[in-house]
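Peer 1: make a model of this:
(2 chains)
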There are 2 protein chains.
Amino acid sequence: MTTEIAPRTGRAFKLNRGQRLRVIDPQGEQVSDMLAFNAHDIDEVISSGRTLDYASKLFLTVGDPIYSNRSNVMLRIVEDTVGRHDFLLTPCSKDTFRIIYGDEHPHHGCFGNLSMALEPFGVKPDQIPVAFNIFMNVQVDGQTGALTVDPPLSKAGDHILFEAEMDLIVALTACSALQSNNYAFKPIHYGVEG
Amino acid sequence: MTTEIAPRTGRAFKLNRGQRLRVIDPQGEQVSDMLAFNAHDIDEVISSGRTLDYASKLFLTVGDPIYSNRSNVMLRIVEDTVGRHDFLLTPCSKDTFRIIYGDEHPHHGCFGNLSMALEPFGVKPDQIPVAFNIFMNVQVDGQTGALTVDPPLSKAGDHILFEAEMDLIVALTACSALQSNNYAFKPIHYGVEG
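Peer 2: The predicted structure follows:
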């Protein structure tokens, strides 16, 4: 069964150990910010710093694990038809839209959507770390360090598949930031398998 | 007054708004992992993801602010004789030494030193995010995403100077990871000014 996340919204749900999570870009060029917390102890959460350090690379794909702040594997990527995702940047927020876009009445962004979706699970906004930004295409200049947010490489129907290695609470968004999704707000589809 | 942080140890202390923190590499090629928390609410902490997003670059230097998870400026870099620091990787820990170095009896690392130094301020180990790794020289291949930890560019006496833009609890280490400091454990010096 596939669930639709409407443009500029988010969802959170349980994903048990051994279950798989398929995240699909139904129209292409859309991003989904993903978070995962230990379902039995929400102080354990995905960690970009641990994951990138142990992988010794910025760009994760098939076979790569996503580690927690306690250095446990939370998820592993088992299929990936795109091969380009971001694990550097925090979810877009009203502050992002204020600081980067100069909006006077900023949208609450993926950060707001993740906060609302995770509230029933006891997660507070301050506990939201760098998300694994599925399909987000951040170009990095290794010499200058310049970061550029380009349109995703995902085409309609592309997907990534994760397997949970512990019981998780997962949150996903259909991203709200114009730069990230080539200036068109689109839905995201996902399904839990197994 | 300059304080010495002995090799493979850490310290935490108050740094009030308007005060400056000078971090010196007395012998050269040493790294200091830095964390900062809001002194009045430790749920507010430095955020690599917010900072790199707003800066649109990986490598911070003079003039660049370090943002919190609430998108407030915590610190600003006001002097920097090295110009190369890391804000991607979490502090080295016993898990780092186990996973990356294959140590059978791993040292507790900067993570353990930060945890111990911050405990009197009420900070729990799970609250330790990606540190601002002063003088750490992580080379990034923008094409492949490969990360390589090279010796720091700092020479004996080099320094970086921060100004606090809110009342902070700051923690610093003299780094414990062989790759980060060119395979020699050395001290770090710091001073609070103003």
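
Peer 1: mind naming the longest helix for chain A?
Peer 2: helix A:109-118 (DSSP state H).

Peer 1: next, the buried residues of stretch A:149-162.
Peer 2: Within stretch A:149-162, the residues that count as buried by 16 or more other CB atoms under 10 Å in any protein chain shown are A:149, A:151-154, A:158-162. For every residue, glycine as well, the C-beta is placed using N, CA and C.

Peer 1: so which helix or strand of chain A has the lowest pLDDT on average?
Peer 2: Every helix and strand of chain A was ranked by mean pLDDT, DSSP states H and E. The lowest is helix A:94-99, at a mean of 90.

Peer 1: what about that helix, near chain B?
Peer 2: Yes: Helix A:94-99 lies within reach of chain B by CB under 8 Å from any CB of the partner chain, at A:95-96, A:99.

Peer 1: which other helices and strands contact that helix?
Peer 2: helix A:109-118, helix B:48-55 (3 or more CB pairs under 8 Å, 6 or more residues apart in numbering or on different chains; DSSP states H and E).

Peer 1: tell me how far that helix is from the chain's mean position?
Peer 2: 19 Å (CA atoms, centre = their mean, to the nearest Å).

Peer 1: also stretch A:101-115?
Peer 2: 16 Å.

Peer 1: and chain A, which residues reach chain B?
Peer 2: Near chain B, when you scan chain A using CB under 8 Å from any CB, you find A:43-44, A:47-50, A:52-54, A:56-59, A:69-71, A:88-90, A:93, A:95-96, A:99-100, A:124, A:126, A:128-131, A:139-148.

Peer 1: filter those down to the buried ones, PyMOL style.
Peer 2: To isolate the buried members of those in PyMOL, using 16+ other CB under 10 Å:
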select buried, chain A and resi 44+47+48+49+50+52+53+54+57+58+59+69+70+71+88+89+90+93+95+96+99+100+126+128+129+130+131+140+142+145+147
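
Peer 1: using CSV, write out every CA atom in the least confident helix or strand of chain A.
Peer 2: Output of helix A:94-99 as CSV, limited to C-alpha atoms (Å, rounded to 0.1, in the frame of the first residue of the first chain):
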residue,chain,number,x,y,z
LYS,A,94,10.5,29.4,8.9
ASP,A,95,14.1,30.6,9.7
THR,A,96,15.4,29.1,6.5
PHE,A,97,12.8,31.0,4.5
ARG,A,98,13.5,34.2,6.5
ILE,A,99,17.3,34.0,6.3
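
Peer 1: can you report phi and psi for the closest residue to A:K94 other than its chain neighbours?
Peer 2: Nearest residue to A:K94, sequence neighbours excluded (CB to CB, 6 or more residues apart in numbering or on different chains): A:P106, at 4.1 Å. Backbone torsions for A:P106, taken as degrees, to the nearest 10, come to phi -70, psi 140.

Peer 1: got the contact list for A:P106?
Peer 2: A:94-98 (CB atoms under 8 Å, 6 or more residues apart in numbering or on different chains).

Peer 1: nearest to chain B among those residues?
Peer 2: A:D95 (3.5 Å; CB to the nearest CB).

Peer 1: find the nearest non-adjacent residue to that closest one, please.
Peer 2: B:S71 (3.5 Å).

Peer 1: ok, that neighbour to B:G109 distance?
Peer 2: Relative to B:G109, B:S71 is positioned 29 Å away (criterion: CB to CB, to the nearest Å).

Peer 1: quick one: residues contacting the nearest residue to A:P125 once chain neighbours are set aside.
Peer 2: Sequence neighbours aside, A:S115 is the residue nearest to A:P125 in space, at 4.4 Å (criterion: CB to CB, 6+ apart). By CB under 8 Å, 6+ apart, the contact list for A:S115 reads A:108, A:123, A:125, A:128.

Peer 1: cool, A:L60 as well?
Peer 2: A:51, A:66, A:77, A:85, A:87, A:132.

Peer 1: just the residues you listed: which are in helices?
Peer 2: Checking the contacts of A:L60 against DSSP H, those in helices are A:T51.

Peer 1: and of the contacts of A:L60, the nearest to B:P187?
Peer 2: Nearest to B:P187 out of those is A:T51 (CB to CB; 30.4 Å).

Peer 1: please name the nearest non-neighbouring residue to that closest one.
Peer 2: Nearest one to A:T51, counting by CB to CB, 6+ apart, is A:Y67 at 4.6 Å.

Peer 1: tell me the contacts of that neighbour?
Peer 2: A:46-47, A:50-51, A:54, A:73-74.

Peer 1: cutoff 7 Å now
Peer 2: By CB atoms under 7 Å, 6 or more residues apart in numbering or on different chains, the contact set of A:Y67 is A:47, A:50-51, A:54, A:73-74.

Peer 1: could you dump those residues to TSV with distance to B:G18?
Peer 2: Shown next, in TSV, are those (distance: CB to CB, whole Å):
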residue	distance to B:G18
A:S47	33
A:R50	34
A:T51	37
A:Y54	39
A:V73	44
A:M74	41
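
Peer 1: pick the one among these closest to B:L178.
Peer 2: Among the contacts of A:Y67, and counting by CB to CB, the member closest to B:L178 is A:Y54, at 16.0 Å.
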